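**Q** Take this sequence and fold it.
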Amino acid sequence: MTAKKKGLYANIHAKQERIAHGSGEHMRKPGSEGAPSADAFRKSEKTAKKKPG
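**A** Numbers count the residues shown, from 1 in each chain. Okay, here's the model as predicted:
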């Protein structure tokens with residue numbers, strides 16, 4: 001059995017949690033090297049779980 005990878009939004013929220021608890025990290029600016037591209041966000045929207053309501 002293989003472990004399922006967490007998605008883009010899960011990674012972003014996990015990093016925001018670490019920053020809030022004083023990790024010293026910072027979020028990358030859009031367009032900078034290593035930041036998620038607009039294409040990555042479009043692809044992740046297709047598989048994102050929708051909130052009810």
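**Q** residues in contact with the nearest residue to Gly7 once chain neighbours are set aside?
**A** Sequence neighbours aside, Ser44 is the residue nearest to Gly7 in space, at 5.8 Å (criterion: CB to CB, 6 or more residues apart in numbering). No exception for glycine: its C-beta is placed from N, CA and C like everyone else's. Going by CB atoms under 8 Å, 6 or more residues apart in numbering, Ser44 touches 7-9.
**Q** These in helices, which ones?
**A** 8-9 (DSSP state H).
**Q** Would you reformat the contacts of Ser44 as CSV and include neighbour count and pLDDT?
**A** Formatted as CSV, the contacts of Ser44 follow (neighbours: other CB atoms under 10 Å; pLDDT from 0 to 100):
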residue, neighbour count, pLDDT
Gly7, 14, 84
Leu8, 15, 85
Tyr9, 15, 86
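**Q** what's the neighbour count on Asn11?
**A** Look at Asn11: counted by other CB atoms under 10 Å, it has 13 neighbours.
**Q** Give the next helix or strand downstream of whichever helix or strand it is part of.
**A** Taking DSSP states H and E as the criterion, Asn11 maps to helix 8-20. Moving toward the C-terminus from helix 8-20, the next helix or strand (DSSP H and E) is helix 38-47.
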